[in-house]
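**Student:** Sequence and predicted structure, then a few things I'm wondering about:
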Amino acid sequence: IAYNAKIIPVKVFPTTGNPTDNMIANGINWAWQNGADILSNSYGGGSYSSTIANAITNAVYNGRNGKGSIVLFSSGNDNGSVSFPATVTNAIAVGASSMCDQRKYPNSCDGEYWWGSNYGTGLDLVAPGVKIYTTDISGSTGYNSGDYRSDFNGTSSACPNAAGVAALILSANPN
């Protein structure tokens with residue numbers, strides 16, 4: 001979407017198991033402290049954590065040399081209420097829409113009956129999240145045998161779409 005944008009990958013998930021709250025917070029803090037204007041987070045769930053919420057708030061208020069970084073989180077794919085950390089007031093909660101321009105739900109036009117985008121209080125926006133074309137890990141370690149995937153879905157695909165639009169906005173006016 002924002003073809004001139006630079007990407008700073010930040011690993012917060014360990015090779016096995018789940019990340020701790022400190023791992024996630026350290027990743028968020030590292031990103032904004034090292035020049036990330038926009039933090040796109042395609043994960044969520046779990047209980048509220050003040051450690052993670054404080055890291056998000058620090059990014060929103062202190063990133064971009066005090067202008068504030070834009071922090072987006074996937075809302076979740078449970079067809080229910082918005083999941084933490086997308087519920088943090090300073091984060092932008094991103095849901096998914098189908099190609100029929102509606103919230104993605106189990107009976108939406110795309111035929112993907114097994115999931116629905118989380119919605120309701122705290123959802124800020126929706127972005128395309130069904131049958132998204134994306135890159136894949138090369139070879140046998142990827143999802144497909146090729147280098148691309150044509151069916152990436154979920155709020156995890158909607159969140160980077162929204163982040164790309166945010167990058168376009170900042171490219172037009174960084175203030």
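**Tutor:** Received the coordinates, thanks. Numbering: from 1, shown residues only.

**Student:** got a list of contacts for stretch 41-61?
**Tutor:** Around stretch 41-61, the neighbours that count as contacts under C-beta atoms under 8 Å, 6 or more residues apart in numbering are 13, 21-22, 24-26, 28-29, 31-32, 36, 39, 68-76, 83-88, 90-91, 155-157, 159-160. Every C-beta, even on glycine, is put in place using the N, C-alpha and C of the backbone.

**Student:** Sketch out the low-pLDDT regions of this protein for me.
**Tutor:** Counting by pLDDT under 70, the chain contains no low-confidence residues.

**Student:** can you pull out the strands in it?
**Tutor:** Under the criterion DSSP state E, the chain contains strands at 38-41, 70-74, 92-97, 125-128, 132-135, 148-152.

**Student:** Each with direction, which strands does the second one pair with?
**Tutor:** Yep, that's strand 70-74 we're talking about. strand 38-41 (parallel), strand 92-97 (parallel) (DSSP bridges).

**Student:** Return the most buried member of those strands.
**Tutor:** When the strands paired with strand 70-74 are scored by mean count of other C-beta atoms under 10 Å, the highest mean neighbour count falls to strand 92-97 (a mean of 27).

**Student:** re earlier: out of the strands of the chain, nearest to G111?
**Tutor:** strand 148-152 (11.0 Å; C-beta to C-beta).

**Student:** the helices in this structure, which residues?
**Tutor:** 21-33, 50-62, 155-172 (DSSP state H).

**Student:** Can you say which of these is nearest to N107?
**Tutor:** Counting by C-beta to C-beta, N107 lies closest to helix 155-172 out of these; the figure is 17.6 Å.
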